[in-house]
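J.: Here's a sequence, model it:
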Amino acid sequence: MGLSVNSRGKGGRWSPKADINVAPLVDVMLVLLIVFMITAPLLTVGVPVNLPRTEARALPASDRPLTITVMSDGRVFIQETEVEADALVPQLRAIAGTGYAGRVYIRADAGASYGTVAGVMARVSAGGFTNLGLVTDPLEQNR
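T.: Numbers count the residues shown, from 1 in each chain. Predicted structure coming up:
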């Protein structure tokens with residue numbers, strides 16, 4: 001806060017005027033903006049997977065999406081944690097019990113079998129999640 005003195009006020013007396021100095025606030029906000037711009041892309045890391053390429057448009061993203069990754073060798077991950085296929089439904093029910101009701105994103109490797117991906121989708125549905133999305137990489141089109 002700063003204090004400045006006005007020119008003569010009522011009756012020719014000096015009167016104090018209180019102002020808020022916003023320059024430090026702006027500096028802090030700009031630093032925070034830069035920090036968040038740098039860290040935001042780093043928050044969506046996961047298990048590296050070779051996603052199939054499609055022409056589908058992107059779905060709107062939520063704050064922290066729940067991602068399930070299916071590798072080409074059949075391994076399944078919830079976020080970055082490997083989970084056995086038989087333990088997938090109890091894990092998902094526990095997550096649903098914590099109040100998560102958002103969209104579940106399934107990232108399947110392009111080399112994963114259709115049966116494996118369909119089985120994981122069925123287990124996710126049995127775990128109490130009906131809002132599913134498949135993650136793909138966009139096709140590169142040369143026009």
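J.: Report all helices and strands that the longest helix seen in the chain contacts.
T.: Scanning the chain for the helix with the most residues, using DSSP state H, yields helix 23-39. With contacts defined as 3 or more Cβ pairs under 8 Å, 6 or more residues apart in numbering; DSSP states H and E, helix 23-39 has no helix or strand neighbours. C-betas here are computed from N, CA, C, even on glycine.
J.: Let's see it as CSV, backbone CA atoms only.
T.: Extracted as CSV, the C-alpha positions of helix 23-39 are listed here (Å, rounded to 0.1, in the frame of the first residue of the first chain):
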residue,chain,number,x,y,z
ALA,A,23,2.6,-3.3,-9.6
PRO,A,24,3.8,-6.1,-7.3
LEU,A,25,0.4,-7.9,-7.7
VAL,A,26,0.8,-7.8,-11.5
ASP,A,27,4.4,-9.1,-11.2
VAL,A,28,3.3,-12.0,-9.1
MET,A,29,0.4,-12.9,-11.4
LEU,A,30,2.6,-12.9,-14.5
VAL,A,31,5.1,-15.2,-12.8
LEU,A,32,2.3,-17.6,-11.8
LEU,A,33,0.9,-17.5,-15.3
ILE,A,34,4.3,-18.5,-16.8
VAL,A,35,4.7,-21.2,-14.2
PHE,A,36,1.3,-22.7,-14.9
MET,A,37,1.8,-22.4,-18.7
ILE,A,38,5.0,-24.5,-18.4
THR,A,39,3.7,-27.1,-15.9
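J.: So Phe129: helix, strand or coil?
T.: Following DSSP: H, G, I helix; E, B strand; the rest coil, Phe129 is assigned to coil.
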